[in-house]
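Q: Sequence first, then the predicted structure:
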Amino acid sequence: MARFKVDLCGVDTQALPVLKNEEMRCLFKELTNGNQAAREKLIGGNLRLVLSIIQRFQHRGESGDDLFQVGCIGLIKAIDNFDLKHNVKFSTYAVPMILGEIRRHFRDHQPIRVSRSIKDLAYQIMKTREALMNEEHEEPTLKRISETLGVKLVDVVFALDAIQEPMSLFDPVYDDGSDPVLLMDQVTNEKTPDHEWLTQLELSQSLNQLQQRETYILTKRYYEGLTQTEVAEEIGISQAQVSRLEKQALKMMYQRMKEAE
């Protein structure tokens, strides 16, 4: 059978070794005694774990090489902080740290601007979370983190929410190796086909970008069915002005929807 070579960062992923759990325990014991060669073996023996994790993000448009390098940073952090006293498999401990490093990478490169103070608080939260995990060997609650930092729980929730990377409608929410379930599959239904749902979303976004008076006019005209004369009487302007504002708003929405295609 032919073997297909897949290179990431110059590494042939098909040739990556896989360490058994007992082998890793022995290597961690050697590492504890200062054997740095054991550390290199642990890194090389867990690169397949990094590869399996970055495949979850293949629809984000990010370079596979870049994500692999970021995932390796998370792997190294996990190796350097892992303790056999945790009494868990290394993969159980490492996966959240690798995922956290990748998500941090996306947060740092996201197009949405977040204030420096909120970012700083979010990073404090993430560091505190990792510290508490190392101390208590379990995932800390947000309340526990807020108490440790001495900040309000609502501020912790807000900071973490603010730095979450945007999700694409075409991001997979479940993938068992066959046909992935996309986010779009979870927000559409049988009554509203995909193309109609997307059109409604685009209309809603375009409407929200209009001036308040223009939004009011279109809402009254096309959602409530009022005539231009009735709308004019409600807001105290002439029917001709309503007509002009309506045409202007519709033209602007059309242009924005065309730009979004």
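A: In hand now; what should we look at?

Q: hey, where'd the helices end up in the stretch 151-261 of the chain?
A: 153-162, 183-187, 194-208, 212-218, 228-235, 239-260 (DSSP state H, counting those that start in this stretch).

Q: Against which helices or strands is the longest one packed?
A: Read it as helix 239-260. helix 194-208, helix 212-218, helix 228-235 (3 or more C-beta pairs under 8 Å, 6 or more residues apart in numbering; DSSP states H and E). Heads up, the C-betas are built off the backbone N, CA and C, glycines and all.

Q: again, but for the fourth one
A: The elements that helix 212-218 packs onto, with contact taken as 3+ C-beta pairs under 8 Å, 6+ apart, are helix 194-208, helix 228-235, helix 239-260.

Q: switch the cut-off to 7 Å
A: When contacts are defined as 3 or more C-beta pairs under 7 Å, 6 or more residues apart in numbering; DSSP states H and E, helix 212-218 sits against helix 239-260.

Q: Which positions in the helix it packs on come out as buried?
A: Buried residues in helix 239-260, defined by neighbour count with 16 or more other C-beta atoms under 10 Å: 241-242, 245-246, 249-250, 253.

Q: so which strand or helix has residue 127?
A: Taking DSSP states H and E as the definition, residue 127 sits inside helix 116-136.

Q: Output the contacting helices and strands for that helix.
A: Partner elements for helix 116-136 (3+ C-beta pairs under 7 Å, 6+ apart): helix 142-149, helix 153-162.

Q: which one of the ones you listed lies closest to residue 72?
A: Evaluated over the helices and strands packed on helix 116-136, closeness to residue 72 peaks at helix 153-162, with 24.8 Å, by C-beta to C-beta.

Q: quick one: average confidence on the helix or strand residue 22 falls within?
A: Assigned by DSSP H and E, residue 22 belongs to helix 21-32. Helix 21-32 shows a mean pLDDT of 87.

Q: who's in contact with it?
A: By C-beta atoms under 7 Å, 6 or more residues apart in numbering, the surrounding residues in contact with helix 21-32 are 38-39, 41-42, 82, 84, 89-90.

Q: After it, which helix or strand is next?
A: Using DSSP H and E, the helix or strand that directly follows helix 21-32 along the chain is helix 36-44.

Q: buried sites along whichever helix or strand comes after that following helix?
A: Next helix or strand after helix 36-44 toward the C-terminus (DSSP H and E): helix 47-54. Buried residues in helix 47-54, counted by 16+ other C-beta under 10 Å: 47, 49-51, 53-54.

Q: quick one on the thing from earlier: which stretch in the helices of the stretch 151-261 of the chain has the least confidence?
A: Ranked by mean pLDDT, those bottom out at helix 183-187, with a mean of 54.

Q: Got a PyMOL select line for the buried ones in the contacts of helix 21-32?
A: Selection of buried members from the contacts of helix 21-32 for PyMOL, criterion 16+ other C-beta under 10 Å:
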select buried, resi 38+39+41+42+82+90
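
Q: give the contact list for residue 101.
A: Per C-beta under 7 Å, 6+ apart, neighbours of residue 101: 70-71, 73-74, 77.

Q: For those residues, give me a markdown table that also has secondary structure, neighbour count and distance to residue 143.
A: Shown next, in a markdown table, are the contacts of residue 101 (DSSP: H, G, I helix; E, B strand; the rest coil; neighbours: other C-beta atoms under 10 Å; distance: C-beta to C-beta, whole Å):
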| residue | secondary structure | neighbour count | distance to residue 143 |
| --- | --- | --- | --- |
| 70 | helix | 21 | 30 |
| 71 | helix | 25 | 30 |
| 73 | helix | 16 | 29 |
| 74 | helix | 24 | 26 |
| 77 | helix | 16 | 25 |
